[in-house]
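Asks: Sequence plus the predicted model coming up.
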Amino acid sequence: MNRELKRVTIVILAMFATLFLSVTTIQFFSADALANDSRNARTIYASYSKQRGPILVQGQPIAQSVPSDDQYKYQRTYSNGPLYSAVTGYYTLDQGSSGIESALNDELAGTSGSQFLSQLNSIVTGQNPQGASVELTIDPKIQQAAYDALGSQQGAVIAVEPKTGRILAMVSKPDYDPNALAVHDTDQVINTYNTLNTDPNQPLINRTLGGNLDPPGSTFKIVTSSAALQNANLPADHQLPNLSGYQLPNSTNVVSNAGGGTCGPGDTVSIETAFVLSCNIPMAELGVEMGQKDLTDMANAYGYNSGFDSPIPVEASQFPPLKNDPAQLALSSFGQSNVRSSPMQIVEQSMAVANGGVIMQPNLVDTISAPDLTVLQQFQPKTLNTPITSVTASTLSSWMVEAVNSGAATNARIDGVSVAGKTGTAENGTGDPYTLWFTGFAPADNPQVAVAVVVQNGGGLGESGTGNDVAAPIAKKVLEAVLNK
Amino acid sequence: MTDPASPVTEASPLVQADPRPTRRIRVPEKLRNLEIFLLVFACVINASAVILVQLGALGHVDFGQLVLLGAGLSVLVIGMHIALRFVAPNADPFLLPIAALLNGIGIAEIYRIDIEQGVSGWDSTGERQVVWSAVAIIIALVVIIALRNHRVLQRYTYVFMVISGVLLLLPILPGIGREIYGARVWIGIGPFSFQPGEVAKIALAIFFAGYLVSRRDSLSMVGRKFLGMRFPRARDLGPILVIWAASMAVIIFQHDLGTALLYFGLFVVMLYVATARLSWVIIGFVLFLGGALIASQVLTYVNDRFANWLNPFDPVNYDAIGGSYQLVQGLFGLANGGLIGTGLGQGSPAITPLAQSDYIVASIGEELGMAGLFAILCLYLLFIARGLRISFSGTDDFGRLLGVGLTFVVALQCFIVIGGVTRVIPLTGLTTPFLAAGGSSLVANWIIVALLLRLSDTVRSQPRLVV
């Protein structure tokens, strides 16, 4: 019987060896993979048990974690939640995060590489580990002005310092209150999230950076004119046939100018006049004349078809390949057809003109500081794109000033300040409400701020609103807020 | 309770034959002194665990609970120790401390989960576990006091067969049978519920031991040689087929894979030890695997268990009702524990369903880490090693078979539960011996402790046999 007992003993030892092995596999070898599973609530608990760093605007927290009595130890709160929702984003228990909360999660949670040593230090010394604080470039007064100016419209406003790329205001509407998504009741979070996520107006989307891109309309004429002046080497007074109707090449469709008629008097019209009065027909003729390569190259030089991190990821605006279709080229030349832009892309166009042709990379973050106030990361301005020369920039700048003074963008006029601007009234298809745009900068001779405004859904006016009527006054208030500081 | 083979009568001539009377191999005093030393050590660990739970989860020490949870168990096991000094002075000194330590760590972790779930008083599983421990240890005491010689059990072989049959059938009976989490293995009387299958495993082990001792010749001698092994005659296949059918009935009617595997594994191993015929093991394996494979195709719940085991992270299985959510959450808990654990009272074990009973191992693994689970596994191994030792050194075949049966049932149950939690085998609902919340399991395992203590006392009372 002893031989059998020995064999049974070996079987039992083998069973336990298997258990030792399986425990080791789970708790050692695959522990990290399991911890990173998005369904692992314990990882979320762990991240909550550490005080997440605050998000600051001029030293004041707009998002911070305060001690709570439940198992999460800290409650994330947002002061002025809706005002800053496009910037902070949300941070939920189990529905993910967005905005700065998502883009700088590692820093806020204190798990980024640069914080490793200080985290280790606080564990050893028994202090509560804490995440880094993030100071934003946002100016609360400008943010508030942009938020108020946009009112109840569906759309977005972005204001950037053209010399540095510092983002001064970022507003997207409809907004939401991130506090409602920060509660510690997962069922409530899921309910709120689902309500927001299925809302047809899509409040969770940051419209300044992407989401549902709009045709840029006449604001794209900055790109078309840049291509003509620079890539095609055409003079500012290059003349184009001044028609009241333009039949698209190889097509039966006819393009007309906004409001009908010709682009001012005369048989021909210059690029400058077409730009200032924002006429579609001469721009279409111009695009066809210079060809698809010049326009496509300039669009790409302005940053179309490529995204970047602000550090919130910016969706690439679209200028799809034209495939030798002159009708598409003609429509694209005044920002229709398949061209799609985010307000970020449109403000970059103004930034290039305002800053001698150089687009500084728009950025939201000023400094990232450790809990002991040592600076982990300091914002440094850097060039994103240089689509045009300073000569071209100054030509376009004067055209944009003229557009505000006496052209198609007069509602952005500010007494005593020269404002440069360009409107856009983009069609979204037959019967659909327009998308209304304004972009510009001020003061034109020493630009402090560049701005882009988009109002979607026709600003409630269907197909009768214009960029000058609806978007330009909003931009004007934002520019004033900067200049009156 | 007098037995003709009482150790004293056998012992005297051998001892007297020795010219050096001082050369005594065993001194009962020493065994019991070692036991009380280990026992006190175990009780200190248990109380420390409760204190750590309180510091970790509450931030302060709650003396009332500490006395109830820590001291309660200590008094009981020390009482058992004192009884052993009188009724089984030569019993193995390791079994009681190991069982006490496992039971105490289980209580501490169950208490910890009560805190996380915010229950206290009689609602708390921890306090009920202490009461059940008391019941279990008192029953174990009764067993060891009443049963002065294990060979008495052999006389009642077929009584135990009937008892185990009745215990197995009870949950299926309408009226008292209850279905909890899809498994119909419970009986309920008033507010109390009991899993008779846990106790049935002991009755089965006694029945198997008695039956195999009397029938092993016919089961091992005759048969046909095939592929170098002697296979039994068709008519001798009867017993294994009956047990197989009973196990399959448990799978089909009680929806309890784990229990079926436990009973069948127990029988096959005891059959093998009794007959020394490997062919029984092969026949048993083929029968059970075949049955399980057919069940996995025919029975939805078995099929689900297999799917959950193979692809637990697949959202289809994860989100399904009765899907792999529990398994995955258990794995997350274990991963959260890592090498050294979160510390008692500092993890989140209650996220996992049934964290106090079926998933107590994952809960402990989360808070005590891989290091803690290794220690627990080593405690089980030590317990099993002591049991096998008793079986190795036994003098009568009934006792040896019973010893290996009781030991193997603990080992197999550990393997089925911990293996299920750690994805070695499909997950089945069984309790981890001594650790898990559950009265029936505690009672059954403490009876096993009592029987093993009695067996070891008998063995050690046979002089000149080095154990």
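Replies: Yep, that arrived.

Asks: Verify the assumption that A:Ile169 is located in a helix.
Replies: Rather than Ile, residue A:169 is Ala. No - under the criterion used here (DSSP: H, G, I helix; E, B strand; the rest coil), A:Ala169 is strand, not part of a helix.

Asks: what's near enough to touch it?
Replies: Residues near A:Ala169 by C-beta atoms under 8 Å, 6 or more residues apart in numbering or on different chains: A:Ile138, A:Asp139, A:Ile142, A:Gln143, A:Ala145, A:Ala146, A:Tyr147, A:Val157, A:Ile158, A:Ala159, A:Val478. For glycine as for every other residue, the C-beta is placed from the backbone atoms N, C-alpha and C.

Asks: cool, B:Tyr272 as well?
Replies: Applying C-beta under 8 Å, 6+ apart, the residues near B:Tyr272 are A:Glu4, A:Arg7, A:Val8, B:Leu278, B:Trp280, B:Val281.

Asks: From the centroid of the chain, which residue is nearest?
Replies: I went with chain A, as the question did not name one. A:Leu209 (2.0 Å; C-alpha atoms, centre = their mean).

Asks: The chain in question should be chain B.
Replies: Note: chain B centre (C-alpha atoms, centre = their mean) maps to B:Val410, 3.6 Å.

Asks: Return the distance of it relative to chain A.
Replies: According to C-beta to the nearest C-beta, to the nearest Å, B:Val410 stands 10 Å off from chain A.

Asks: Quick check: which element contains that residue?
Replies: Assigned by DSSP states H and E, B:Val410 belongs to helix B:397-421.

Asks: For A:Thr77, grab phi and psi.
Replies: Phi and psi for A:Thr77, reported as degrees, to the nearest 10, are phi -130, psi 150.

Asks: Could you do A:Val417 as well?
Replies: Backbone torsions of A:Val417, given as degrees, to the nearest 10, read phi -130, psi 140.

Asks: Could you tell me how many residues sit around the closest residue to it other than its chain neighbours?
Replies: Spatially, and ignoring its direct neighbours in sequence, A:Val417 is nearest to A:Pro443 (5.1 Å; C-beta to C-beta, 6 or more residues apart in numbering or on different chains). For A:Pro443, the neighbour count with other C-beta atoms under 10 Å in any protein chain shown is 19.

Asks: so who does A:Pro443 touch?
Replies: A:Pro443 touches A:Val417, A:Ser418, A:Val419, A:Leu483, counting by C-beta under 8 Å, 6+ apart.

Asks: Identify the farthest-apart pair in these.
Replies: The span of the contacts of A:Pro443, defined through C-beta to C-beta, is set by A:Ser418 and A:Leu483 at 11.1 Å.

Asks: Just want to know which of those two has more residues nearby.
Replies: The residue with more neighbours, out of A:Ser418 and A:Leu483, is A:Ser418; 18 against 15, by other C-beta under 10 Å.

Asks: who in chain A is up against chain B?
Replies: Within chain A, the positions near chain B by C-beta under 8 Å from any C-beta of the partner chain are A:1-5, A:7-9, A:11-13, A:15-16, A:18-20, A:22-28, A:30-35, A:37, A:39-43, A:45-46, A:71.

Asks: Report the contact partners of the closest residue in space to A:Ala316 that isn't next to it in sequence.
Replies: Closest residue to A:Ala316 apart from its sequence neighbours, by C-beta to C-beta, 6+ apart: A:Gly307 at 4.2 Å. By C-beta under 8 Å, 6+ apart, the contact list for A:Gly307 reads A:Gly210, A:Pro313, A:Val314, A:Glu315, A:Ala316.

Asks: Surely the first one is within a strand?
Replies: No - secondary structure of A:Gly210, determined by three-state DSSP: coil, with no strand assignment.

Asks: Leaving aside the residues adjacent along the chain, what's closest to it?
Replies: Here the residue nearest A:Gly210, using C-beta to C-beta, 6+ apart, is A:Glu315, at 2.6 Å.

Asks: Work out for me the element A:Thr423 sits within.
Replies: strand A:420-426.

Asks: just B:Asp304 next, same as before
Replies: Here B:Asp304 sits within helix B:300-310, counting by DSSP H and E.

Asks: Also B:Ala362?
Replies: Residue-wise, B:Ala362 maps onto helix B:360-393 under DSSP H and E.

Asks: Same check on A:Lys293?
Replies: Per DSSP H and E, A:Lys293 falls inside helix A:292-301.

Asks: What helices and strands are in contact with that helix?
Replies: Applying 3 or more C-beta pairs under 8 Å, 6 or more residues apart in numbering or on different chains; DSSP states H and E, one finds that helix A:292-301 contacts helix A:221-226, helix A:326-333.

Asks: Tell me the first helix or strand C-terminal of it.
Replies: strand A:308-309.

Asks: Report the contact partners of B:Leu169.
Replies: B:Leu169 neighbours (C-beta under 8 Å, 6+ apart): none.

Asks: secondary structure class for it?
Replies: The three-state label given to B:Leu169 by three-state DSSP is helix.

Asks: Okay, it and chain A: tell me how far apart.
Replies: 29 Å.
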